[in-house]
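Chemist: whatever this is, show me its structure:
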Amino acid sequence: MQPWAADLVDLYESGASNQFVVHGNVQDRMLVPAPHGERLGDLRSFLLEVLLPRFDVVLSYDLGNGIRVEKGGQIFSSWPNLKDAPALPRAPRQAFDFLTHYFRYCANLGRLNQWRGQVACILFGADLILPAAPNSADFELGAMVSLVRDWANEDLLSGHALATFLICENLHDLHPLVANNLRTSRVRVPLPSPEEIAGGFSALAASCPGAVSGDPAALAEQLSGATLGALERAVLAKSHARQTLNTDDIVRLKKAIVENDCNGLIDFLEPRKTLDSLYGLEPVKAWLRQDIALWAKNDVNALPKGYLICGPVGTGKTFLVECLAGEAGVPVVKMKNFRDKWVGSTEGNLEKIFRLIHALGRCYVFVDEADQALGRRDSAANDSGVSGRVYSMIAEEMGSSANRGRIVWVLASSRPDLIEVDLKRPGRVDVKIPLFPTSTARESFDLIRTLCRPRGMEIEESRFTEMEPRMPLLLTPGAAEALAVKVYRLSRTANQSPIDALSGALKDYRNPVPGDVMQNQIRLAVREASDVAFVPACFLEQAR
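Modeler: Numbering: from 1, shown residues only. Below is the predicted model:
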(Lines give C-alpha, C1' and ligand atoms only; values in the text may rest on other atoms or scores of the structure.)
Protein backbone atom coordinates (compact mmCIF):
# COMPACT_ATOMS: atom_id res chain seq x y z
CA MET A 1 0.00 0.00 0.00
CA GLN A 2 1.30 3.45 -0.89
CA PRO A 3 2.44 5.58 2.09
CA TRP A 4 -0.33 8.15 1.64
CA ALA A 5 -2.96 5.40 1.73
CA ALA A 6 -1.36 3.79 4.79
CA ASP A 7 -1.43 7.15 6.59
CA LEU A 8 -5.10 7.55 5.70
CA VAL A 9 -5.93 4.10 7.10
CA ASP A 10 -4.08 4.87 10.34
CA LEU A 11 -6.00 8.13 10.77
CA TYR A 12 -9.33 6.39 10.29
CA GLU A 13 -8.66 3.29 12.38
CA SER A 14 -7.26 5.34 15.26
CA GLY A 15 -10.40 7.46 15.31
CA ALA A 16 -8.41 10.63 14.65
CA SER A 17 -10.42 11.48 11.53
CA ASN A 18 -13.29 10.18 9.45
CA GLN A 19 -13.20 12.78 6.67
CA PHE A 20 -10.36 13.10 4.18
CA VAL A 21 -9.55 15.63 1.48
CA VAL A 22 -7.60 13.53 -1.02
CA HIS A 23 -5.73 15.86 -3.36
CA GLY A 24 -2.75 15.89 -5.68
CA ASN A 25 -2.16 13.22 -8.32
CA VAL A 26 -5.75 11.96 -8.13
CA GLN A 27 -6.33 11.76 -11.90
CA ASP A 28 -3.52 9.27 -12.41
CA ARG A 29 -3.68 5.50 -12.81
CA MET A 30 -2.89 3.44 -9.71
CA LEU A 31 -1.79 -0.08 -8.91
CA VAL A 32 -4.72 -2.21 -7.73
CA PRO A 33 -4.90 -5.94 -6.96
CA ALA A 34 -5.50 -8.38 -9.80
CA PRO A 35 -5.92 -12.18 -9.85
CA HIS A 36 -2.30 -12.67 -10.92
CA GLY A 37 -0.45 -9.67 -9.50
CA GLU A 38 -1.47 -6.05 -10.06
CA ARG A 39 -3.18 -4.00 -12.73
CA LEU A 40 -3.55 -0.29 -13.43
CA GLY A 41 -6.85 1.25 -12.38
CA ASP A 42 -8.30 4.64 -11.50
CA LEU A 43 -8.70 6.18 -8.04
CA ARG A 44 -12.27 4.87 -7.79
CA SER A 45 -11.01 1.29 -8.22
CA PHE A 46 -8.18 1.89 -5.76
CA LEU A 47 -10.54 3.20 -3.08
CA LEU A 48 -13.06 0.39 -3.54
CA GLU A 49 -10.61 -2.50 -3.86
CA VAL A 50 -7.77 -1.43 -1.57
CA LEU A 51 -9.14 0.94 1.09
CA LEU A 52 -12.84 0.09 1.37
CA PRO A 53 -13.30 -3.67 0.81
CA ARG A 54 -14.64 -4.17 4.35
CA PHE A 55 -17.20 -1.36 4.14
CA ASP A 56 -20.80 -2.51 3.83
CA VAL A 57 -22.16 0.46 1.85
CA VAL A 58 -20.14 2.76 -0.42
CA LEU A 59 -21.84 5.71 -2.13
CA SER A 60 -20.36 8.26 -4.48
CA TYR A 61 -21.41 11.59 -5.92
CA ASP A 62 -20.23 13.82 -8.73
CA LEU A 63 -21.91 16.54 -10.76
CA GLY A 64 -22.19 14.41 -13.88
CA ASN A 65 -23.54 11.16 -12.48
CA GLY A 66 -25.28 12.24 -9.31
CA ILE A 67 -25.45 9.70 -6.46
CA ARG A 68 -24.25 6.21 -7.30
CA VAL A 69 -24.30 3.08 -5.16
CA GLU A 70 -20.80 1.63 -5.56
CA LYS A 71 -21.29 -1.21 -3.09
CA GLY A 72 -23.97 -2.62 -0.78
CA GLY A 73 -27.00 -1.93 -2.93
CA GLN A 74 -29.14 -4.48 -1.09
CA ILE A 75 -28.40 -2.94 2.31
CA PHE A 76 -28.92 0.56 0.98
CA SER A 77 -32.25 -0.38 -0.59
CA SER A 78 -33.60 -1.35 2.85
CA TRP A 79 -33.68 2.33 3.86
CA PRO A 80 -37.40 3.19 4.21
CA ASN A 81 -36.98 6.62 2.63
CA LEU A 82 -35.95 5.04 -0.66
CA LYS A 83 -39.46 3.66 -1.13
CA ASP A 84 -40.82 7.19 -1.53
CA ALA A 85 -37.92 8.42 -3.73
CA PRO A 86 -38.61 8.05 -7.48
CA ALA A 87 -34.86 8.32 -8.23
CA LEU A 88 -31.62 9.22 -6.54
CA PRO A 89 -31.15 13.01 -6.61
CA ARG A 90 -28.62 14.56 -9.00
CA ALA A 91 -28.68 18.27 -8.07
CA PRO A 92 -25.96 19.05 -5.50
CA ARG A 93 -28.08 20.56 -2.72
CA GLN A 94 -30.74 17.82 -2.87
CA ALA A 95 -28.03 15.15 -3.07
CA PHE A 96 -26.26 16.47 0.02
CA ASP A 97 -29.51 16.60 1.98
CA PHE A 98 -30.22 13.03 0.88
CA LEU A 99 -26.77 11.75 1.85
CA THR A 100 -26.79 13.50 5.23
CA HIS A 101 -30.22 12.04 5.99
CA TYR A 102 -28.95 8.54 5.20
CA PHE A 103 -25.79 8.95 7.28
CA ARG A 104 -27.84 10.04 10.29
CA TYR A 105 -30.25 7.15 9.76
CA CYS A 106 -27.36 4.67 9.83
CA ALA A 107 -25.81 6.33 12.90
CA ASN A 108 -29.13 6.15 14.75
CA LEU A 109 -29.46 2.45 13.90
CA GLY A 110 -26.04 1.99 15.43
CA ARG A 111 -27.05 3.77 18.61
CA LEU A 112 -30.08 1.47 18.87
CA ASN A 113 -27.82 -1.57 18.27
CA GLN A 114 -29.90 -2.50 15.23
CA TRP A 115 -27.11 -2.21 12.64
CA ARG A 116 -23.47 -1.27 12.97
CA GLY A 117 -22.31 -1.49 9.38
CA GLN A 118 -19.58 0.69 7.89
CA VAL A 119 -20.61 3.39 5.40
CA ALA A 120 -18.37 5.41 3.07
CA CYS A 121 -19.07 8.23 0.65
CA ILE A 122 -16.77 9.56 -2.08
CA LEU A 123 -17.25 13.05 -3.57
CA PHE A 124 -15.44 13.12 -6.92
CA GLY A 125 -14.61 16.59 -8.21
CA ALA A 126 -15.22 18.12 -4.81
CA ASP A 127 -13.66 21.38 -5.98
CA LEU A 128 -16.40 21.72 -8.63
CA ILE A 129 -19.13 21.13 -6.06
CA LEU A 130 -17.59 23.20 -3.24
CA PRO A 131 -15.35 25.72 -5.06
CA ALA A 132 -12.83 27.96 -3.33
CA ALA A 133 -14.03 31.23 -4.86
CA PRO A 134 -17.76 31.29 -4.16
CA ASN A 135 -20.19 34.13 -4.44
CA SER A 136 -20.71 35.41 -0.89
CA ALA A 137 -24.48 35.41 -1.46
CA ASP A 138 -24.60 31.78 -2.63
CA PHE A 139 -26.64 30.34 0.21
CA GLU A 140 -27.01 26.97 -1.50
CA LEU A 141 -23.23 26.54 -1.51
CA GLY A 142 -23.06 27.69 2.10
CA ALA A 143 -25.62 25.06 3.06
CA MET A 144 -23.64 22.28 1.34
CA VAL A 145 -20.41 23.40 3.03
CA SER A 146 -22.21 23.27 6.38
CA LEU A 147 -23.49 19.75 5.73
CA VAL A 148 -20.06 18.45 4.66
CA ARG A 149 -18.51 19.92 7.80
CA ASP A 150 -21.22 18.17 9.83
CA TRP A 151 -20.11 14.83 8.38
CA ALA A 152 -16.79 15.34 10.18
CA ASN A 153 -17.81 17.45 13.18
CA GLU A 154 -21.17 16.12 14.35
CA ASP A 155 -20.78 13.63 17.22
CA LEU A 156 -23.60 11.45 15.92
CA LEU A 157 -21.80 10.94 12.58
CA SER A 158 -18.17 10.98 13.71
CA GLY A 159 -19.02 8.41 16.37
CA HIS A 160 -20.41 6.05 13.73
CA ALA A 161 -18.36 3.96 11.26
CA LEU A 162 -18.64 6.62 8.56
CA ALA A 163 -15.79 7.65 6.22
CA THR A 164 -16.10 10.44 3.67
CA PHE A 165 -13.60 11.25 0.92
CA LEU A 166 -13.46 14.60 -0.89
CA ILE A 167 -11.45 14.19 -4.11
CA CYS A 168 -9.88 17.23 -5.78
CA GLU A 169 -6.68 17.85 -7.73
CA ASN A 170 -5.61 21.10 -6.08
CA LEU A 171 -6.27 21.85 -2.43
CA HIS A 172 -6.50 25.58 -3.14
CA ASP A 173 -9.47 24.95 -5.44
CA LEU A 174 -11.61 23.59 -2.57
CA HIS A 175 -13.74 25.81 -0.31
CA PRO A 176 -11.46 26.90 2.58
CA LEU A 177 -14.09 26.13 5.26
CA VAL A 178 -13.95 22.51 4.13
CA ALA A 179 -10.26 22.25 3.26
CA ASN A 180 -9.17 23.86 6.55
CA ASN A 181 -11.65 22.11 8.84
CA LEU A 182 -9.72 20.93 11.92
CA ARG A 183 -11.62 17.63 11.94
CA THR A 184 -10.77 16.95 8.29
CA SER A 185 -7.47 15.37 7.31
CA ARG A 186 -5.71 16.45 4.14
CA VAL A 187 -3.99 13.59 2.30
CA ARG A 188 -1.76 14.41 -0.67
CA VAL A 189 -1.35 11.79 -3.39
CA PRO A 190 2.17 12.28 -4.79
CA LEU A 191 3.42 11.42 -8.23
CA PRO A 192 4.41 7.75 -8.39
CA SER A 193 7.72 6.67 -6.89
CA PRO A 194 10.25 4.71 -8.98
CA GLU A 195 9.03 1.55 -7.22
CA GLU A 196 5.45 2.25 -8.32
CA ILE A 197 6.60 2.99 -11.88
CA ALA A 198 8.46 -0.33 -11.90
CA GLY A 199 5.22 -1.95 -10.71
CA GLY A 200 3.45 -0.22 -13.59
CA PHE A 201 5.90 -1.74 -16.06
CA SER A 202 5.27 -5.17 -14.56
CA ALA A 203 1.49 -4.69 -14.69
CA LEU A 204 1.66 -3.66 -18.35
CA ALA A 205 3.92 -6.54 -19.30
CA ALA A 206 1.02 -8.99 -19.21
CA SER A 207 -1.19 -7.03 -21.60
CA CYS A 208 1.63 -5.66 -23.77
CA PRO A 209 4.25 -8.41 -24.06
CA GLY A 210 7.44 -7.29 -25.75
CA ALA A 211 6.56 -3.58 -25.59
CA VAL A 212 9.23 -2.86 -22.94
CA SER A 213 12.90 -3.78 -23.17
CA GLY A 214 15.33 -3.52 -20.29
CA ASP A 215 15.30 -3.70 -16.52
CA PRO A 216 11.99 -2.22 -15.25
CA ALA A 217 13.67 -0.88 -12.08
CA ALA A 218 16.36 0.96 -14.08
CA LEU A 219 13.81 2.37 -16.51
CA ALA A 220 11.61 3.46 -13.61
CA GLU A 221 14.47 5.41 -11.99
CA GLN A 222 14.94 7.36 -15.21
CA LEU A 223 11.19 8.05 -15.49
CA SER A 224 10.88 9.53 -12.00
CA GLY A 225 8.42 12.42 -12.23
CA ALA A 226 6.20 10.80 -14.86
CA THR A 227 2.66 9.58 -14.18
CA LEU A 228 1.49 6.00 -14.49
CA GLY A 229 -1.24 7.15 -16.88
CA ALA A 230 1.32 8.68 -19.24
CA LEU A 231 3.46 5.56 -18.96
CA GLU A 232 0.45 3.38 -19.83
CA ARG A 233 -0.33 5.49 -22.90
CA ALA A 234 3.28 5.30 -24.10
CA VAL A 235 3.52 1.53 -23.66
CA LEU A 236 0.14 0.92 -25.32
CA ALA A 237 1.18 3.09 -28.28
CA LYS A 238 4.46 1.19 -28.62
CA SER A 239 2.62 -2.13 -28.38
CA HIS A 240 0.11 -1.11 -31.06
CA ALA A 241 2.95 -0.03 -33.37
CA ARG A 242 4.74 -3.30 -32.61
CA GLN A 243 7.73 -1.40 -31.32
CA THR A 244 9.74 -1.70 -28.12
CA LEU A 245 10.20 0.97 -25.46
CA ASN A 246 13.88 0.91 -24.55
CA THR A 247 16.47 2.96 -22.68
CA ASP A 248 17.13 5.21 -25.68
CA ASP A 249 13.50 6.33 -25.66
CA ILE A 250 13.41 7.23 -21.99
CA VAL A 251 14.95 10.73 -21.97
CA ARG A 252 12.82 11.93 -24.87
CA LEU A 253 9.76 10.20 -23.46
CA LYS A 254 10.18 11.64 -19.97
CA LYS A 255 10.51 15.19 -21.28
CA ALA A 256 7.37 14.82 -23.40
CA ILE A 257 5.39 13.11 -20.62
CA VAL A 258 6.22 15.58 -17.87
CA GLU A 259 5.71 18.69 -20.00
CA ASN A 260 2.40 17.32 -21.29
CA ASP A 261 1.14 16.36 -17.82
CA CYS A 262 2.01 19.81 -16.47
CA ASN A 263 -0.04 21.54 -19.19
CA GLY A 264 2.77 23.82 -20.33
CA LEU A 265 3.58 25.09 -16.83
CA ILE A 266 7.22 23.94 -17.03
CA ASP A 267 9.98 23.27 -19.53
CA PHE A 268 12.82 20.79 -19.23
CA LEU A 269 16.16 22.36 -20.11
CA GLU A 270 18.30 19.77 -21.81
CA PRO A 271 21.80 19.93 -20.27
CA ARG A 272 23.99 19.54 -23.35
CA LYS A 273 26.80 21.76 -22.04
CA THR A 274 29.07 21.79 -19.01
CA LEU A 275 30.83 24.55 -17.09
CA ASP A 276 33.73 24.19 -19.53
CA SER A 277 31.50 25.94 -22.08
CA LEU A 278 31.55 29.13 -19.99
CA TYR A 279 33.99 31.86 -20.94
CA GLY A 280 35.90 33.14 -17.91
CA LEU A 281 34.15 33.10 -14.50
CA GLU A 282 36.84 30.90 -12.98
CA PRO A 283 35.97 31.66 -9.28
CA VAL A 284 32.30 30.97 -10.00
CA LYS A 285 33.03 27.70 -11.80
CA ALA A 286 35.30 26.54 -8.96
CA TRP A 287 32.58 27.21 -6.38
CA LEU A 288 29.87 25.45 -8.40
CA ARG A 289 32.09 22.42 -8.99
CA GLN A 290 32.69 22.16 -5.25
CA ASP A 291 28.92 22.17 -4.67
CA ILE A 292 28.41 19.49 -7.34
CA ALA A 293 31.10 17.32 -5.76
CA LEU A 294 29.41 17.59 -2.36
CA TRP A 295 26.07 16.71 -3.95
CA ALA A 296 27.57 13.66 -5.66
CA LYS A 297 28.87 12.44 -2.29
CA ASN A 298 25.47 13.11 -0.69
CA ASP A 299 27.20 15.51 1.72
CA VAL A 300 24.37 18.02 1.72
CA ASN A 301 25.04 19.94 4.95
CA ALA A 302 27.06 22.56 3.09
CA LEU A 303 24.95 22.42 -0.07
CA PRO A 304 22.97 25.60 -0.80
CA LYS A 305 19.20 25.48 -1.04
CA GLY A 306 19.31 28.04 -3.80
CA TYR A 307 21.36 30.31 -6.04
CA LEU A 308 20.62 33.84 -7.19
CA ILE A 309 22.22 34.66 -10.53
CA CYS A 310 22.14 38.37 -11.19
CA GLY A 311 23.73 40.81 -13.56
CA PRO A 312 22.93 43.08 -16.51
CA VAL A 313 20.70 41.81 -19.28
CA GLY A 314 22.52 39.59 -21.77
CA THR A 315 25.23 38.36 -19.40
CA GLY A 316 24.26 34.69 -19.88
CA LYS A 317 22.25 33.82 -16.77
CA THR A 318 20.19 31.12 -18.51
CA PHE A 319 23.28 29.74 -20.23
CA LEU A 320 25.02 29.40 -16.87
CA VAL A 321 22.07 27.36 -15.55
CA GLU A 322 22.22 25.02 -18.57
CA CYS A 323 25.95 24.51 -18.05
CA LEU A 324 25.46 23.92 -14.32
CA ALA A 325 22.84 21.25 -15.02
CA GLY A 326 25.05 19.52 -17.57
CA GLU A 327 27.96 19.48 -15.15
CA ALA A 328 25.80 18.06 -12.33
CA GLY A 329 23.94 15.60 -14.57
CA VAL A 330 20.51 16.37 -13.10
CA PRO A 331 17.38 17.74 -14.78
CA VAL A 332 16.49 21.42 -14.81
CA VAL A 333 12.84 22.35 -14.50
CA LYS A 334 12.17 25.84 -15.79
CA MET A 335 9.02 27.39 -14.38
CA LYS A 336 7.01 29.11 -17.08
CA ASN A 337 4.14 31.53 -16.59
CA PHE A 338 2.01 29.74 -14.00
CA ARG A 339 -0.25 32.73 -13.35
CA ASP A 340 -3.85 32.48 -14.51
CA LYS A 341 -6.73 34.93 -14.74
CA TRP A 342 -9.12 32.59 -12.90
CA VAL A 343 -9.28 32.93 -9.14
CA GLY A 344 -7.48 30.00 -7.50
CA SER A 345 -5.95 28.70 -10.73
CA THR A 346 -2.55 30.28 -10.08
CA GLU A 347 -2.22 28.57 -6.72
CA GLY A 348 -3.43 25.31 -8.26
CA ASN A 349 -0.78 25.57 -10.98
CA LEU A 350 1.89 26.01 -8.32
CA GLU A 351 0.64 22.89 -6.55
CA LYS A 352 1.11 20.91 -9.77
CA ILE A 353 4.65 22.23 -10.20
CA PHE A 354 5.57 21.39 -6.61
CA ARG A 355 4.21 17.85 -7.02
CA LEU A 356 6.44 17.39 -10.04
CA ILE A 357 9.67 18.66 -8.52
CA HIS A 358 9.15 16.53 -5.41
CA ALA A 359 8.77 13.44 -7.59
CA LEU A 360 11.84 14.14 -9.73
CA GLY A 361 14.29 13.57 -6.93
CA ARG A 362 17.39 15.67 -7.46
CA CYS A 363 16.79 18.62 -9.75
CA TYR A 364 17.32 22.32 -10.25
CA VAL A 365 14.25 24.55 -10.35
CA PHE A 366 14.98 27.56 -12.54
CA VAL A 367 12.95 30.75 -12.22
CA ASP A 368 13.88 33.33 -14.86
CA GLU A 369 12.92 36.97 -14.35
CA ALA A 370 12.44 36.10 -10.69
CA ASP A 371 11.65 39.69 -9.75
CA GLN A 372 8.42 39.38 -11.76
CA ALA A 373 7.54 35.71 -11.24
CA LEU A 374 7.83 35.20 -7.50
CA GLY A 375 5.17 37.59 -6.26
CA ARG A 376 5.26 40.17 -3.50
CA ARG A 377 4.59 39.99 0.22
CA ASP A 378 2.08 42.82 -0.15
CA SER A 379 -0.40 42.06 -2.92
CA ALA A 380 -1.47 44.72 -5.37
CA ALA A 381 -4.93 46.13 -4.82
CA ASN A 382 -6.28 44.68 -8.05
CA ASP A 383 -4.96 41.09 -7.91
CA SER A 384 -7.33 39.67 -5.24
CA GLY A 385 -4.38 38.69 -3.06
CA VAL A 386 -2.88 36.31 -5.63
CA SER A 387 0.61 37.81 -5.52
CA GLY A 388 0.77 37.50 -1.75
CA ARG A 389 -0.38 33.88 -1.81
CA VAL A 390 2.14 33.02 -4.55
CA TYR A 391 4.88 34.64 -2.49
CA SER A 392 3.86 32.67 0.59
CA MET A 393 3.72 29.31 -1.23
CA ILE A 394 7.10 29.76 -2.92
CA ALA A 395 8.75 31.08 0.25
CA GLU A 396 7.55 28.02 2.18
CA GLU A 397 8.74 25.64 -0.54
CA MET A 398 12.16 27.29 -0.90
CA GLY A 399 12.75 27.31 2.84
CA SER A 400 11.77 23.69 3.49
CA SER A 401 14.61 21.83 5.20
CA ALA A 402 13.33 18.56 3.71
CA ASN A 403 14.35 19.82 0.25
CA ARG A 404 18.02 20.36 1.03
CA GLY A 405 20.06 18.04 -1.12
CA ARG A 406 17.08 17.21 -3.33
CA ILE A 407 15.87 20.47 -4.85
CA VAL A 408 18.08 23.47 -5.61
CA TRP A 409 16.32 26.69 -6.58
CA VAL A 410 18.03 28.91 -9.13
CA LEU A 411 16.67 32.45 -9.46
CA ALA A 412 17.82 34.74 -12.25
CA SER A 413 17.21 38.47 -12.47
CA SER A 414 18.79 41.64 -13.75
CA ARG A 415 16.91 43.53 -11.00
CA PRO A 416 17.59 41.56 -7.81
CA ASP A 417 16.62 44.60 -5.77
CA LEU A 418 12.98 43.95 -6.74
CA ILE A 419 12.99 40.42 -5.28
CA GLU A 420 11.58 40.31 -1.75
CA VAL A 421 14.40 40.22 0.82
CA ASP A 422 12.89 37.18 2.55
CA LEU A 423 13.09 35.14 -0.67
CA LYS A 424 16.79 35.78 -1.20
CA ARG A 425 17.96 35.44 2.39
CA PRO A 426 20.27 32.62 3.55
CA GLY A 427 18.21 29.50 4.11
CA ARG A 428 16.42 30.04 0.81
CA VAL A 429 19.16 31.50 -1.40
CA ASP A 430 22.57 30.81 0.08
CA VAL A 431 24.83 31.72 -2.84
CA LYS A 432 24.47 34.87 -4.97
CA ILE A 433 26.44 34.83 -8.19
CA PRO A 434 26.94 38.07 -10.13
CA LEU A 435 27.64 38.06 -13.86
CA PHE A 436 29.29 41.03 -15.54
CA PRO A 437 30.08 42.32 -19.02
CA THR A 438 33.65 42.60 -20.21
CA SER A 439 35.83 45.20 -18.53
CA THR A 440 38.80 45.30 -20.96
CA ALA A 441 39.32 45.29 -24.71
CA ARG A 442 41.16 41.98 -24.37
CA GLU A 443 38.16 40.33 -22.72
CA SER A 444 35.85 41.64 -25.45
CA PHE A 445 38.16 40.38 -28.19
CA ASP A 446 38.50 36.92 -26.62
CA LEU A 447 34.74 36.68 -26.08
CA ILE A 448 33.98 37.49 -29.71
CA ARG A 449 36.64 35.04 -30.92
CA THR A 450 35.16 32.31 -28.73
CA LEU A 451 31.66 32.84 -30.15
CA CYS A 452 32.86 33.06 -33.76
CA ARG A 453 34.75 29.78 -33.60
CA PRO A 454 31.69 27.42 -33.57
CA ARG A 455 30.52 29.17 -36.76
CA GLY A 456 33.76 28.38 -38.56
CA MET A 457 35.06 31.93 -38.20
CA GLU A 458 38.59 31.71 -36.84
CA ILE A 459 40.02 35.07 -35.79
CA GLU A 460 43.74 34.93 -35.07
CA GLU A 461 44.85 35.98 -31.61
CA SER A 462 47.68 37.99 -33.18
CA ARG A 463 45.14 40.45 -34.65
CA PHE A 464 44.24 41.80 -31.21
CA THR A 465 46.68 44.72 -31.36
CA GLU A 466 45.13 46.20 -34.50
CA MET A 467 41.58 45.54 -33.24
CA GLU A 468 42.12 46.80 -29.70
CA PRO A 469 41.05 50.43 -30.35
CA ARG A 470 37.76 49.25 -31.88
CA MET A 471 36.83 46.78 -29.13
CA PRO A 472 33.75 47.89 -27.17
CA LEU A 473 33.80 47.71 -23.38
CA LEU A 474 30.95 46.39 -21.22
CA LEU A 475 30.22 43.78 -23.86
CA THR A 476 27.79 41.11 -22.70
CA PRO A 477 27.71 37.54 -24.09
CA GLY A 478 24.32 38.36 -25.61
CA ALA A 479 25.69 41.36 -27.46
CA ALA A 480 28.82 39.41 -28.45
CA GLU A 481 26.60 36.64 -29.85
CA ALA A 482 24.83 39.19 -32.04
CA LEU A 483 28.22 40.48 -33.26
CA ALA A 484 29.36 36.92 -34.05
CA VAL A 485 26.23 36.38 -36.13
CA LYS A 486 26.90 39.62 -37.98
CA VAL A 487 30.50 38.60 -38.63
CA TYR A 488 29.30 35.31 -40.07
CA ARG A 489 26.69 37.06 -42.21
CA LEU A 490 29.22 39.54 -43.64
CA SER A 491 31.71 36.77 -44.39
CA ARG A 492 29.06 34.91 -46.35
CA THR A 493 27.21 37.73 -48.10
CA ALA A 494 30.18 40.06 -48.80
CA ASN A 495 32.81 37.30 -49.15
CA GLN A 496 35.00 38.93 -46.47
CA SER A 497 37.64 37.36 -44.28
CA PRO A 498 36.67 36.91 -40.62
CA ILE A 499 38.88 39.79 -39.44
CA ASP A 500 37.51 42.16 -42.13
CA ALA A 501 33.97 41.07 -41.29
CA LEU A 502 34.65 41.81 -37.61
CA SER A 503 35.95 45.27 -38.50
CA GLY A 504 32.79 45.90 -40.52
CA ALA A 505 30.54 44.62 -37.72
CA LEU A 506 32.19 46.94 -35.20
CA LYS A 507 32.08 50.01 -37.42
CA ASP A 508 28.68 51.25 -36.30
CA TYR A 509 28.35 49.16 -33.14
CA ARG A 510 26.29 50.53 -30.27
CA ASN A 511 25.75 48.82 -26.96
CA PRO A 512 22.11 47.58 -26.99
CA VAL A 513 21.74 48.46 -23.29
CA PRO A 514 21.81 52.19 -22.39
CA GLY A 515 24.89 53.13 -20.37
CA ASP A 516 23.03 54.32 -17.27
CA VAL A 517 20.95 51.13 -17.16
CA MET A 518 24.07 48.99 -17.55
CA GLN A 519 25.91 50.80 -14.76
CA ASN A 520 22.93 50.54 -12.41
CA GLN A 521 22.55 46.80 -13.02
CA ILE A 522 26.29 46.29 -12.47
CA ARG A 523 26.08 48.08 -9.11
CA LEU A 524 23.11 45.93 -8.09
CA ALA A 525 24.97 42.74 -9.02
CA VAL A 526 28.04 43.81 -7.01
CA ARG A 527 25.92 44.53 -3.92
CA GLU A 528 24.15 41.16 -4.14
CA ALA A 529 27.32 39.04 -4.52
CA SER A 530 27.69 36.59 -1.64
CA ASP A 531 31.46 36.35 -2.15
CA VAL A 532 33.83 39.17 -3.11
CA ALA A 533 35.88 36.67 -5.16
CA PHE A 534 33.02 36.58 -7.69
CA VAL A 535 33.45 40.31 -8.49
CA PRO A 536 36.27 41.59 -10.74
CA ALA A 537 38.32 44.26 -9.02
CA CYS A 538 37.37 47.00 -11.50
CA PHE A 539 33.65 46.58 -10.86
CA LEU A 540 34.21 46.36 -7.12
CA GLU A 541 35.86 49.77 -7.22
CA GLN A 542 33.05 51.26 -9.36
CA ALA A 543 30.38 50.17 -6.90
CA ARG A 544 32.00 51.78 -3.87
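
Chemist: C-alpha from now on. contacts and neighbour counts both.
Modeler: Will do.

Chemist: can you check the pLDDT for Ala152?
Modeler: Per-residue confidence (pLDDT) for Ala152: 92.

Chemist: quick one: it from Ala85, how far?
Modeler: From Ala152 across to Ala85, the span is 26 Å (CA to CA, to the nearest Å).

Chemist: of those two, who's got more company?
Modeler: A count of neighbours by other CA atoms under 10 Å puts Ala152 above the other of Ala152 and Ala85, at 25 against 9.

Chemist: and stretch 497-516, end to end?
Modeler: By CA to CA, the extent of stretch 497-516 from end to end equals 35 Å.

Chemist: to clarify, my last question referred to stretch 376-395.
Modeler: Separation of the first and last residues of stretch 376-395 by CA to CA is 10 Å.

Chemist: what do you get for stretch 421-437?
Modeler: Length of stretch 421-437, first residue to last, CA to CA: 25 Å.

Chemist: what's the average pLDDT for that stretch?
Modeler: 90.

Chemist: pull the helix or strand with minimum mean pLDDT from this structure.
Modeler: Every helix and strand of the chain was ranked by mean pLDDT, DSSP states H and E. The lowest is helix 247-261, at a mean of 70.

Chemist: what residues sit buried inside the helix or strand following it?
Modeler: Next in sequence after helix 247-261, counting helices and strands by DSSP states H and E, comes strand 266-269. Using 16 or more other CA atoms under 10 Å as the test for burial, strand 266-269 gives 266-269.

Chemist: again, but for stretch 472-485
Modeler: Those would be 472-477, 479-481, 483-484, for stretch 472-485 by 16+ other CA under 10 Å.

Chemist: what does stretch 118-129 give?
Modeler: Across stretch 118-129, burial judged by 16+ other CA under 10 Å covers 118-127, 129.

Chemist: check which helix or strand Leu40 maps to.
Modeler: Going by DSSP H and E, Leu40 is part of strand 37-41.

Chemist: packing partners of that strand?
Modeler: strand 30-34, helix 194-207 (3 or more CA pairs under 8 Å, 6 or more residues apart in numbering; DSSP states H and E).

Chemist: measure Ala494 to Asp500 for me?
Modeler: Taking CA to CA, one finds Ala494 at 10 Å from Asp500.

Chemist: so for these two, which sits in the more crowded spot?
Modeler: Taking neighbours as other CA under 10 Å, Ala494 and Asp500 compare with Asp500 leading, 15 against 10.

Chemist: coming back round to it: not counting the strand holding Leu40 itself, show me its contacts.
Modeler: Contact partners of strand 37-41, identified using CA atoms under 8 Å, 6 or more residues apart in numbering, comprise 29-33, 199-200, 203-204.

Chemist: turn those residues into CSV, columns for distance to Asp291 and pLDDT.
Modeler: Formatted as CSV, the contacts of strand 37-41 follow (distance: CA to CA, whole Å; pLDDT from 0 to 100):
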residue, distance to Asp291, pLDDT
Arg29, 38, 92
Met30, 37, 92
Leu31, 38, 90
Val32, 42, 90
Pro33, 44, 85
Gly199, 34, 88
Gly200, 35, 87
Ala203, 40, 85
Leu204, 40, 84
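
Chemist: so who does Thr184 touch?
Modeler: 17-21, 152, 178.

Chemist: quick one, domains of this structure?
Modeler: Domain assignment of the chain by automatic domain parsing yields the ranges 3-189, 194-260, 268-434, 441-507.

Chemist: which one of those domains lies closest to Ile522?
Modeler: The closest of those to Ile522 is domain 268-434. By CA to CA, the value is 6.1 Å.

Chemist: roughly how far is the closest one from the heart of the chain?
Modeler: Relative to the chain's own centre, domain 268-434 is displaced by 12 Å; criterion: CA atoms, centre = their mean, to the nearest Å.

Chemist: sweet, I'm off.
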